[in-house]
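Engineer: Okay, here's the prediction I keep looking at, along with the sequence it came from:
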Amino acid sequence: MPDLSNGTARPADLIIFGGTGDLAMRKLLPALYHSHRDGRLHADSRVIALSRGGLDDADYRGKVDAEVRPALSGGEGWDGFLRRLHHRTVDIAAPEGWQGVAGLLDGHEDRDRIFYLASPPMTFGAFCRGAREAGLVTPLSRVVLEKPLGRDLASAQAINDEVGAIFDESQIFRIDHYLGKETVQNLLVLRFANAFLEPIWNSLWIDHVQITVAETVGTPGRRGYYDQAGALRDMVQNHLLQLLCLVAMEPPSRNDREAVRDEKVKVLQSLRPIVGSEVDRFTVRGQYTAGRADGAEVPGYLDEPDKNQPTAESLRVETFAAVRAEVRNWRWAGVPFYLRSGKRLPARRSEIVVQFKDVPHAIFPGASPNRLVLRLQPSEGIHLRLMAKEPGAGEVVLRPVPLSLSFADTFSARVPDAYERLLMDVMSGNPTLFMRRDEVEAAWRWIDPIMDHWNGSGMLPEPYPAGTAGPAGAHELLARSDRAWHEEDLP
């Protein structure tokens with residue numbers, strides 16, 4: 001295999017399967033436009049969208065102009081970006097559809113060729129086989145797989161086998177867009193470029209860690225997908241476990257393509273299994289009912305407008321999941337990691353909260369533990385809560401005050417979208433922020449027993465009204481050890 005990690009802006013053909021879909025229109029094309037505008041794309045690089053839409057290049061450019069441009073701030077270089085765009089109609093079940101793609105790529109075999117599969121995971125194997133049979137896969141090819149990669153360990157292994165039969169592991173980029181967020185990047189810098197944190201980043205000083213991904217939106221029009229996914233598969237297995245790995249991993253020996261991923265795999269392999277009756281003690285699942293969210297009355301999950309009528313699976317699917325995890329190693333022994341994710345919660349919030357222990361001996365009344373909050377959304381930043389004395393004479397009165405780093409306020413440059421960073425990493429061949437096969441499968445090995453117990457228990461998810469902070473069981477999960485979820489608003 002050639003070395004793909006030199007970071008240079010080589011000419012590339014980025015081929016998006018699902019090029020007219022929601023992901024392409026909302027995330028991929030805006031990210032590529034910003035990279036084009038900022039001069040990060042080689043002048044000869046092209047974007048080739050594949051779909052079953054029957055569009056020619058002019059039709060596709062018109063569609064992108066109408067649907068993508070209005071959501072952008074500014075439009076410098078937009079016409080030049082549109083000229084990079086092409087469209088070919090492909091049905092992976094019809095071999096003749098690949099001829100148009102082959103004709104467009106013919107003569108450009110010396111370019112990096114990137115296949116981005118913005119499509120359901122069950123299509124990954126068929127697409128890769130079709131691309132190979134059409135002669136499109138070259139030694140300079142890479143393939144990007146969107147999550148979720150399967151719905152359990154067995155299906156993930158089957159997908160990995162199918163794709164791995166066409167592409168070498170070094171050519172496969174399994175994407176999780178959370179790893180492209182600035183705060184996640186800064187978590188690594190915060191931990192491994194600042195000496196003061198390392199001595200206290202362990203069970204001697206840290207009481208517990210919370211990782212939350214909360215959404216105010218529901219699932220209108222998505223019941224067909226969400227019935228088969230649920231919060232545990234859709235969010236915990238990938239996004240939240242990836243964040244846990246970055247918090248808990250040991251310092252890598254170097255910042256390179258494999259050292260970081262090696263340490264993340266070790267964390268996943270160190271997770272204490274949750275099996276049998278322990279699932280009932282250490283996990284909570286819920287489903288939202290009618291309530292008030294985003295300032296309006298909203299229906300429950302079963303009554304969301306959708307072309308698919310509720311089924312028995314709809315009754316059982318969780319729109320909220322919380323898990324108490326433990327990392328069994330010397331650094332983290334006895335420190336619980338609380339993970340939660342849900343829909344129709346009071347506020348949109350993604351954050352990592354590192355709660356430190358009380359001071360060993362309190363000489364001031366009213367002191368509370370320090371807390372480090374890394375906010376991923378809505379406003380990315382890092383906040384450290386310290387205790388300080390309120391100004392004034394007389395009695396010492398303590399008040400918690402934040403030391404806050406807001407990326408938007410501190411840095412004048414525009415904070416790029418996560419997909420911008422990750423797409424540029426794919427194009428330069430840098431896999432550091434992408435999941436390796438053993439990493440994905442280790443996550444599924446930990447998740448599967450939880451899902452199996454839920455499916456076999458016969459119990460339904462605990463209801464919670466839309467717009468509230470999730471089911472009561474999620475609060476009891478922490479209350480049993482005199483802890484509570486972090487709900488504080490931050491600047």
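Structural biologist: Ah, there it is.

Engineer: contacts and neighbour counts: CA atoms only from here.
Structural biologist: Will do.

Engineer: Residue ranges in this structure under the pLDDT threshold?
Structural biologist: 1-9, 407-408, 411-413, 490-491 (pLDDT under 70).

Engineer: Am I right that G180 is in contact with Y419?
Structural biologist: Yes. The criterion here is Cα atoms under 8 Å, and G180 meets it with Y419 at 6.5 Å.

Engineer: For the helix or strand hosting A231, what is the distance to the chain centroid?
Structural biologist: Counting by DSSP states H and E, the element that carries A231 is helix 223-231. The chain centre lies 17 Å from the centre of helix 223-231; the measure is Cα atoms, centre = their mean, to the nearest Å.

Engineer: Extract the CA atoms of it and return them as PDB.
Structural biologist: Extracted in PDB, the C-alpha atoms of helix 223-231 (Å, rounded to 0.1, in the frame of the first residue of the first chain):
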ATOM      1  CA  ARG A 223     -39.800   5.600  12.800                       C
ATOM      2  CA  GLY A 224     -38.700   3.100  10.200                       C
ATOM      3  CA  TYR A 225     -35.100   3.700  11.100                       C
ATOM      4  CA  TYR A 226     -35.400   4.400  14.700                       C
ATOM      5  CA  ASP A 227     -37.400   1.300  15.500                       C
ATOM      6  CA  GLN A 228     -34.400  -0.700  14.400                       C
ATOM      7  CA  ALA A 229     -31.800   1.500  16.100                       C
ATOM      8  CA  GLY A 230     -32.800   3.100  19.300                       C
ATOM      9  CA  ALA A 231     -30.600   5.300  21.500                       C
END
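
Engineer: Go through it and flag the buried ones.
Structural biologist: Neighbour counts over helix 223-231 (16 or more other Cα atoms under 10 Å) mark 223-224, 226-227, 229-231 as buried.

Engineer: And stretch 263-283, by the same measure?
Structural biologist: So, applying 16+ other Cα under 10 Å, buried residues of stretch 263-283: 263-269, 271, 273-275, 279, 282-283.

Engineer: what do you get for stretch 240-251?
Structural biologist: With the criterion 16+ other Cα under 10 Å, stretch 240-251 contains buried residues 240-250.

Engineer: contact partners of that stretch?
Structural biologist: With contacts defined as Cα atoms under 8 Å, 6 or more residues apart in numbering, stretch 240-251 is touched by 179, 184, 187-188, 192, 211-213, 263-268, 327, 332, 337, 339, 352, 443.

Engineer: which stretches of the stretch 351-491 of the chain form helices?
Structural biologist: Assigned helices in the stretch 351-491 of the chain, in chain order: 407-410, 418-428, 437-457, 472-479 (criterion: DSSP state H, counting those that start in this stretch).

Engineer: tell me the most buried of these?
Structural biologist: Comparing the helices of the stretch 351-491 of the chain by mean neighbour count (mean count of other Cα atoms under 10 Å), helix 418-428 comes out on top with a mean of 21.

Engineer: So which elements touch it?
Structural biologist: Here helix 418-428 touches helix 29-37, going by 3 or more Cα pairs under 8 Å, 6 or more residues apart in numbering; DSSP states H and E.

Engineer: mind running it again at 6 Å?
Structural biologist: If you count contacts as 3 or more Cα pairs under 6 Å, 6 or more residues apart in numbering; DSSP states H and E, helix 418-428 packs onto no helix or strand.

Engineer: From the chain's centroid, how far away is that helix?
Structural biologist: 14 Å.

Engineer: So R344 sits against T468, correct?
Structural biologist: No. Here R344 lies out of contact with T468, judged by Cα atoms under 6 Å, at a distance of 7.5 Å.

Engineer: The two: which is more packed in?
Structural biologist: Taking other Cα atoms under 10 Å, R344 and T468 do not tie; R344 has more neighbours (32 against 17).

Engineer: mind checking which helix or strand the more buried one is in?
Structural biologist: Counting by DSSP H and E, R344 is found in no helix or strand.

Engineer: Can you report how many residues lie near the nearest residue to it once chain neighbours are set aside?
Structural biologist: Distances taken as Cα to Cα, 6 or more residues apart in numbering place T216 nearest to R344, at 4.2 Å, with adjacent residues excluded. Counted with other Cα under 10 Å, residues neighbouring T216 total 17.

Engineer: how about T216, what does it touch?
Structural biologist: Counting by Cα atoms under 6 Å, 6 or more residues apart in numbering, T216 touches 343-345, 347-348.

Engineer: In three-state terms, label it for me.
Structural biologist: Put simply, T216 is coil when judged by DSSP: H, G, I helix; E, B strand; the rest coil.

Engineer: State the distance from Y178 to P139.
Structural biologist: 29 Å (Cα to Cα, to the nearest Å).

Engineer: Those two - which one has more neighbours?
Structural biologist: Neighbours were tallied for Y178 and for P139 using other Cα under 10 Å; the higher tally belongs to Y178 (21 against 15).

Engineer: coming back round to it: next one: the residue nearest to R344 relative to D425, how far apart?
Structural biologist: On the measure of Cα to Cα, T216 and D425 end up 31 Å apart.

Engineer: can you pull out the strands in the stretch 51-200 of the chain?
Structural biologist: Taking DSSP state E, counting those that start in this stretch as the criterion, the stretch 51-200 of the chain carries its strands at 85-89, 112-117, 141-145, 172-174.

Engineer: And the contacts of the first one?
Structural biologist: Under the criterion Cα under 6 Å, 6+ apart, residues 47-52, 54, 56-57 lie in contact with strand 85-89.

Engineer: what about the helices in the stretch 201-350 of the chain?
Structural biologist: Under DSSP H, counting those that start in this stretch, the stretch 201-350 of the chain gives helices at 223-231, 241-248, 259-270, 278-282, 312-316.

Engineer: Would you confirm that M387 contacts L403?
Structural biologist: No. Look at M387 against L403 with Cα under 6 Å: they stay out of range, at 10.5 Å.

Engineer: between those two, who's got more neighbours?
Structural biologist: A direct count of neighbours by other Cα under 10 Å for M387 and L403 places M387 higher, at 15 against 11.

Engineer: Next, format the helices of the stretch 351-491 of the chain as TSV and append distance to L398.
Structural biologist: Putting the helices of the stretch 351-491 of the chain into TSV (distance: least, Cα to Cα, whole Å) gives the following:
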stretch	distance to L398
helix 407-410	28
helix 418-428	39
helix 437-457	43
helix 472-479	25
